[in-house]
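> task: produce atomic coordinates for the following.
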Amino acid sequence: MPPPGKNKAGRLKTHFHVQVCTGSHHLTFIAQMSRSGKKLVRVESIYSRRRDSGSGLSSPSKMPSEIATMRYLKDHSTIPIPRIHGYDADADRHVGGTWLVMEYV
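As a prediction, the model looks like this:
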C-alpha cells in the first residue's frame, strides 16, 4: 500500500485521451478512469528542466506549494477547488517528472 498522498495510479486502469494543454512547466491531460470517471493529470514537462528553455528550472517545492495552497483555499474559502487524488513531488523522475492527479471540474 502506498503512503498517503503518494502514487495510487498504479492500481488504476487509465486511458489518456486528450492532451488539454502544454504550459511552461507541465503537460496537462484528461484521463478517463475505469471506475471513477474523468480526472485531470499534470505531468512535469521535460522542457521545464532545461536551463536554455527560457523558463528556468522548476523548483522542488513548486508542486508541494501548489498543493498546500489548494488545500488552504478549500478549507478557508468558498472557492471551488478540485480534490487531489494522488501526486508524486519527488525529484526521482520515475515517470519523467513530478505528477498530480486531481478531480476534473
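
> show me what secondary structure element comes after the lowest-mean-pLDDT helix or strand in the chain.
Lowest by mean pLDDT, DSSP states H and E among the helices and strands of the chain is strand 14-22, with a mean of 62. Once strand 14-22 ends, the next helix or strand along the chain (criterion: DSSP states H and E) is strand 26-33.

> for that following strand, output the C-alpha coordinates as CSV.
Output of strand 26-33 as CSV, limited to C-alpha atoms (Å, rounded to 0.1, in the frame of the first residue of the first chain):
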residue,chain,number,x,y,z
HIS,A,26,3.5,20.9,-17.2
LEU,A,27,1.7,18.8,-19.8
THR,A,28,-2.0,18.5,-18.8
PHE,A,29,-4.2,15.6,-19.8
ILE,A,30,-7.8,14.5,-19.3
ALA,A,31,-7.8,10.8,-18.2
GLN,A,32,-10.8,8.5,-18.3
MET,A,33,-10.5,6.2,-15.2
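
> may I see the buried residues of the helix or strand just after that strand?
Scanning forward in sequence from strand 26-33 by DSSP H and E, the next helix or strand is strand 37-44. Of all the residues in strand 37-44, those buried under the rule 16 or more other CB atoms under 10 Å are 39-44. Quick note: C-beta positions are derived from backbone N, CA and C, even for glycine.

> next one: stretch 76-83
Result for stretch 76-83 [16+ other CB under 10 Å]: buried residues I81.

> also stretch 22-30?
Taking 16+ other CB under 10 Å as the criterion, stretch 22-30 shows 25-29 as buried.
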